[in-house]
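Asker: Build me a structure from this.
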Amino acid sequence: MARPDLRANNFDLLRLLFASAVFFWHVHVLSRVPALEALGRVFSADIAVKGFFVISGYLVMMSWENSAGARDYAGKRLRRIYPAYAAVVLACALAGAFLSSLPPSEYFLSGGFARYLAANLAFLNFLAPSLPGLFGGQPFAEVNGALWTLKIEVMYYALVPALAWLLARFGRGRTLIALYLLAALYSLVLGELHARSGAMIWLQLQRQLPGQLGYFLVGVGLYLVRERLEGRWPALLAAALAIFALLALTASPAALVLLQPLMLGILVIYAAVRLPHLGNFARFGDLSYGVYILHFPVIQALVAAGLFAAAPWTAFGVAAALVALLALASWHWVEKPFLASRSHYRRAEASALRRAEGT
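Answerer: Have a look, this model is predicted:
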């Protein structure tokens, strides 16, 4: 099967847009400043994260098919996600000593510091989301609340080899449909439990796996049938827009759970592979990952410093500049050194450099 040309699609742009949308949404949520309320209305972290999951399904399945074996696949995924993730966890834990209300000796020797490192380095952020004496007087005390999706991403990575076996053993269509419906059933049951009890634990569990699996599976499915979709994208796009209209007219939770992954998956992959190529957004590296994993603690620190309360839009600009600079540093000093030379991101950066030298 033909491999999609990663130089002629909009995946990099979409990931950067999704990461930025999560950042902008968190600016309002974490600062609680009325002047920035428009950011919370215009941008949706929920839709952006689900868009990420769709893209992961498409590209991670492609990574599996283009790997020499399970070890090669696991190595590529580990090198892509963990170095920067671990660096951010460690950096936040160390920098927290300067912002904590506790003296450094008490901060580092407390059990909370060790628990934070152990839980977060293992992707178990929910076990220890906070550091001692840090951000306690703010609307949210979490150090990096955006990291909860990374454990889902890692679980997707681990799922792919088993999914590939199931697809080969039982057939692509029936396997993907069965898993999609089971994921939807899980979400519907937990949604009903929340509606009956009012307990938030059911909503928290609903947004974990397998509740989010449908978005990933749609991405996988669209990748696997990509060659058969030539000439059928107009019909798919029309179907997605029809679903969008239906969901806008109905408040049915069942319709949302069953249809939103299909609608969002079609729209995201259409934008990625069917819209005209809008530019090489990886020419400076994949900044989307850095923006995503770094923005939350930057906002929290600026909120703690009182900058958002004093000058909301100035604080927003400072946050955006800091996040961009830190994402660049993360790419060049942490992420890029761990990637193989054949990595798409390194090739995209090298291609842009060659074009610049030729002008």
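Asker: Tell me which stretches of the stretch 201-350 of the chain form helices.
Answerer: For the stretch 201-350 of the chain, the helices defined by DSSP state H, counting those that start in this stretch occupy 201-206, 213-224, 233-249, 253-273, 287-304, 307-310, 312-330, 336-338, 344-358.
Asker: and those, which is most packed in?
Answerer: The highest mean neighbour count among these, using mean count of other CB atoms under 10 Å, belongs to helix 213-224: a mean of 26. All C-beta atoms are positioned from the backbone trio N, CA, C, and that covers glycine.
Asker: what angle do that one and helix 233-249 make?
Answerer: Relative orientation of helix 213-224 versus helix 233-249 (axes from the mean of the first three to the mean of the last three CA atoms, to 10 degrees): 170 degrees.
Asker: Summarise which helices and strands helix 213-224 is packed against.
Answerer: Here helix 213-224 touches helix 45-65, helix 148-170, helix 172-197, helix 253-273, going by 3 or more CB pairs under 8 Å, 6 or more residues apart in numbering; DSSP states H and E.
Asker: Out of those helices, which gets nearest to L16?
Answerer: Taking CB to CB, helix 45-65 is the member of these nearest to L16, at 10.8 Å.
Asker: Let me know the average pLDDT across that closest one.
Answerer: Average pLDDT, helix 45-65: 97.
Asker: Next: stretch 216-231.
Answerer: Rounded mean pLDDT across stretch 216-231 is 96.
Asker: Same check on stretch 122-140?
Answerer: Stretch 122-140 comes out at a mean pLDDT of 95.
Asker: And the contacts of that stretch?
Answerer: Residues outside stretch 122-140 that contact it (CB atoms under 8 Å, 6 or more residues apart in numbering): 29-30, 32, 92-93, 96, 99-102, 106-107, 110, 112-113, 115-116, 118-120, 141-145, 147-148, 150-151, 154, 300, 303-304.
Asker: Stretch 187-201 too?
Answerer: So stretch 187-201 is in contact with W202, L203, L205, Q206, G211, G214, P253, A254, V257, going by CB under 8 Å, 6+ apart.
Asker: make it 6 Å
Answerer: For stretch 187-201, the external contacting residues (CB atoms under 6 Å, 6 or more residues apart in numbering) are W202, L203, L205, Q206, G211, P253, V257.
Asker: Please apply the same query to stretch 88-99.
Answerer: Under CB under 6 Å, 6+ apart, the answer for stretch 88-99 is P104, Y107, Y116, L117, N120, L121, L131, L134, V143, I293, P297, A304.
Asker: could you redo the last one with a cut-off of 8 Å?
Answerer: Against stretch 88-99 from outside (CB under 8 Å, 6+ apart): 104, 107-108, 113, 116-117, 120-121, 131, 134-135, 143-144, 147, 293-294, 297, 301, 304, 330.
Asker: With stretch 306-320 instead?
Answerer: F23, V27, S31, V33, A35, L36, L39, H295, V298, I299, L302, V303.
Asker: Endpoints of it, how far apart?
Answerer: Across its full length, stretch 306-320 reaches 16 Å end to end, with CA to CA, to the nearest Å as the criterion.
Asker: now stretch 123-133
Answerer: 22 Å.
Asker: Go through it and flag the buried ones.
Answerer: F123, N125, A128, P129, S130, L131, P132, G133 (16 or more other CB atoms under 10 Å).
Asker: With secondary structure and distance to D286 as extra columns, can I get those residues in JSON lines?
Answerer: Converted to JSON lines, these look like this (DSSP: H, G, I helix; E, B strand; the rest coil; distance: CB to CB, whole Å):
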{"residue": "F123", "secondary structure": "coil", "distance to D286": "20"}
{"residue": "N125", "secondary structure": "helix", "distance to D286": "22"}
{"residue": "A128", "secondary structure": "coil", "distance to D286": "28"}
{"residue": "P129", "secondary structure": "coil", "distance to D286": "26"}
{"residue": "S130", "secondary structure": "coil", "distance to D286": "29"}
{"residue": "L131", "secondary structure": "coil", "distance to D286": "28"}
{"residue": "P132", "secondary structure": "coil", "distance to D286": "33"}
{"residue": "G133", "secondary structure": "coil", "distance to D286": "34"}
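Asker: now, which of those residues sits nearest V225?
Answerer: After measuring the buried residues of stretch 123-133 against V225 - CB to CB - the closest member comes out as F123, at 31.3 Å.
Asker: if I look at the closest one, how far off is L147?
Answerer: 8 Å (CB to CB, to the nearest Å).
Asker: Same question for Y58.
Answerer: 23 Å.
Asker: and what of D12?
Answerer: Counting by CB to CB, the gap from D12 to L147 is 22 Å.
Asker: Between those two, which has more neighbouring residues?
Answerer: Neighbours were counted for D12 and for L147 using other CB atoms under 10 Å; D12 has more, 25 against 22.
Asker: mind checking the SS state of the more buried one?
Answerer: Of the three states, D12 takes helix under DSSP: H, G, I helix; E, B strand; the rest coil.
Asker: so what's A141 up against?
Answerer: P129, S130, L134, F135 are the contacts of A141 under CB under 8 Å, 6+ apart.
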